[in-house]
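Undergrad: Provide a 3D model corresponding to the input given below.
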Amino acid sequence: CIPLSRCAASPFSLRAARSGKGDDALAAGRPLLGISGLGRARWMGCAAAVAAVMFATAPAHAGRSCEAKKPTPQTIERGMQLAERTAAALNAEHAASGAQVVLLARAGQDLSRYGLRYSHLGWAYRTPDGAWRVVHKLNDCGTAVGHLYRQGLGEFFLDDLWRHEAVWLLPTPAVQQALWPVLQDNARARLLQHAPYSMVSYVWGRRYQQSNQWAIETLAAAMEPATVRTREQAQAWLQFKGYEPTTLRLGPLTRLGGRVGSANVAFDDHPGDKRFADRIDTVTVDSVLAWMPRAQLGSAPRTVTLP
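TA: Numbering: from 1, shown residues only. Reported below is the predicted structural model:
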């Protein structure tokens, strides 16, 4: 992946957090996908090349554990197949509507206990040469720091995914027009990037910032570039647009286990009345997918799955 500053990942599972990471994305190689009509022989050649890079390079993370576990050839092939199908779906949408930007998410962890289906999202945009790139935030494994990355679809899905399913949402033309130049400009993409990281950061707080939080705050800055220059202003825009976070019900033992066992989990930014009532309000993929159509910022989500 290409770091916009350095690296890191987005998350979302306390099980992953206890192991030290978030919803992994690989910090290896250059973008690989987004090319239409990619044949199987060429595809598998790419997979072999990716495997060689992966075994020689340290990863950044967003949704899996930090344990030293080398990906299997089967994992690599499945991830590349999902990326290929996603590229085909996005290229078809581009041909039909001229789409240039989509919200793209993956299922890196089993979050069903929290009523959630997906773990990590980023903004995917189409480059002038026809490739799709994903800009997203990743958490440095075993740390409380997050950074931004630009990756190809292959890298985005080259992960030990919990479920080989992608979900994407097409923003309105106005949202795409606002986001497209931001995602290609490192300085603008980094405007609201905040390095201190907690995978359960408070939705309206500024002490930490998790991956999905960066994505929607950056959306706010793109939509109102003249007036949204800080995280506080971005969050005010999100509230004005009716964004509602997910409320996780996490008891004191769960909170204690997450905080003690993981550098990238903190609860001290949450208001005391909510925290001690076991209410943790944070940004999740599922809440963003529900909000954007409701706020008339995008269409209904669509999925890409492998059998």
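
Undergrad: Measure how buried L191 is and give me the count.
TA: As a burial measure, L191 scores 18 neighbours (other Cβ atoms under 10 Å). The C-beta positions use only the backbone N, C-alpha and C, and glycine is treated the same way.

Undergrad: And for L306?
TA: 13.

Undergrad: can you pull out the helices in the stretch 51-200 of the chain?
TA: All helices of the stretch 51-200 of the chain, identified by DSSP state H, counting those that start in this stretch, fall at 73-97, 153-157, 173-184, 186-189.

Undergrad: Just name the most buried of these.
TA: helix 153-157 (a mean of 29; mean count of other Cβ atoms under 10 Å).

Undergrad: on that earlier part again, kindly reformat the helices of the stretch 51-200 of the chain as JSON lines containing mean pLDDT and distance to G122.
TA: Compiled in JSON lines, those are given as follows (pLDDT from 0 to 100; distance: least, Cβ to Cβ, whole Å):
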{"stretch": "helix 73-97", "mean pLDDT": "96", "distance to G122": "12"}
{"stretch": "helix 153-157", "mean pLDDT": "96", "distance to G122": "7"}
{"stretch": "helix 173-184", "mean pLDDT": "98", "distance to G122": "9"}
{"stretch": "helix 186-189", "mean pLDDT": "98", "distance to G122": "11"}
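
Undergrad: any chance of the ones you listed in CSV, plus distance to E217?
TA: Output for these, formatted as CSV (distance: least, Cβ to Cβ, whole Å):
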stretch, distance to E217
helix 73-97, 24
helix 153-157, 20
helix 173-184, 12
helix 186-189, 11
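
Undergrad: Out of those, which is closest to R275?
TA: helix 186-189 (31.3 Å; Cβ to Cβ).

Undergrad: name the helices or strands packed onto the closest one?
TA: Other helices and strands packing on helix 186-189, by 3 or more Cβ pairs under 8 Å, 6 or more residues apart in numbering; DSSP states H and E, are helix 173-184, helix 211-223.

Undergrad: Can you point out the buried residues in the helix or strand just after the longest one?
TA: For helix 211-223, the succeeding helix or strand toward the C-terminus, using DSSP states H and E, is helix 231-240. By neighbour count, with 16 or more other Cβ atoms under 10 Å as the criterion, the buried positions of helix 231-240 are 231, 233-238.

Undergrad: ditto for stretch 266-282
TA: Buried residues in stretch 266-282, counted by 16+ other Cβ under 10 Å: 266-267, 269-270, 275, 280-282.

Undergrad: JSON lines for those residues, including pLDDT and distance to K137?
TA: Output for the buried residues of stretch 266-282, formatted as JSON lines (pLDDT from 0 to 100; distance: Cβ to Cβ, whole Å):
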{"residue": "A266", "pLDDT": "89", "distance to K137": "16"}
{"residue": "F267", "pLDDT": "89", "distance to K137": "20"}
{"residue": "D269", "pLDDT": "94", "distance to K137": "17"}
{"residue": "H270", "pLDDT": "94", "distance to K137": "20"}
{"residue": "R275", "pLDDT": "82", "distance to K137": "24"}
{"residue": "I280", "pLDDT": "93", "distance to K137": "19"}
{"residue": "D281", "pLDDT": "96", "distance to K137": "19"}
{"residue": "T282", "pLDDT": "97", "distance to K137": "14"}
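
Undergrad: Closest one of those residues to T86?
TA: T282 (25.8 Å).

Undergrad: Nearest residue to that closest one in space, please, no chain neighbours.
TA: Nearest non-adjacent residue to T282, counting by Cβ to Cβ, 6 or more residues apart in numbering: V200, 5.0 Å away.
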